[in-house]
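S.K.: this is a predicted model, with the sequence first.
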Amino acid sequence: MDRRYRWLLVVVLAVVVLAGSVVPLPGGETTLGPFGLVGADKYTHAFAYLCLGGALAFALAPGQRWVGVAALAVVVTSLYGGGIEVVQGFVGRDPSLLDWGADVLGAIVGVALAIGFDRALQRRVWTER
């Protein structure tokens, strides 16, 4: 995939996550997610940041060492999530450390999946030659 498209995906996902995070939600009860352990919103947070972290890692990856890419992608994505949690306090939403924890967890999983995907893609390219 062309590097410009990788970065376009990161920007689009970042805008979607920001918009979904700062738009006030209609009042309602928090529903529990699968297994009844945490609220369904935590799964939404984790999935959103899984996508964002994975996309960022994939955009940073070409020609770079994965250790540095992984660390940078997790840190940047986590800071983005933390910043959004702070902003939520000013736009009628409730900031939450648990939401931020779900963001960080999602970013870690997304980056790990991006690494696995890239390695599988590289193996496939080399075995097809």
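M.R.: Alright, I've got the coordinates.
S.K.: and whatever helix or strand residue 53 lives in, which residues are buried?
M.R.: Following DSSP states H and E, the helix or strand that holds residue 53 is helix 40-60. Neighbour-count burial for helix 40-60, with 16 or more other CB atoms under 10 Å as criterion, is recorded at 41-42, 44-46, 48-60. Quick note: C-beta positions are derived from backbone N, CA and C, even for glycine.
S.K.: next, the angle helix 40-60 makes with the helix or strand following that helix.
M.R.: Next along the chain after helix 40-60, taking DSSP H and E as the criterion, comes helix 66-88. With axes from the mean of the first three to the mean of the last three CA atoms, to 10 degrees as the basis, helix 66-88 and helix 40-60 are set at 140 degrees to each other.
S.K.: could you pull up the mean pLDDT of helix 66-88?
M.R.: Regarding helix 66-88, the rounded mean pLDDT is 95.
S.K.: show me how far the helix or strand following that helix is from its chain's centre.
M.R.: Next in sequence after helix 66-88, counting helices and strands by DSSP H and E, comes helix 97-127. Centroid separation for helix 97-127 versus its chain: 9 Å, with CA atoms, centre = their mean, to the nearest Å.
S.K.: all set now, cheers.
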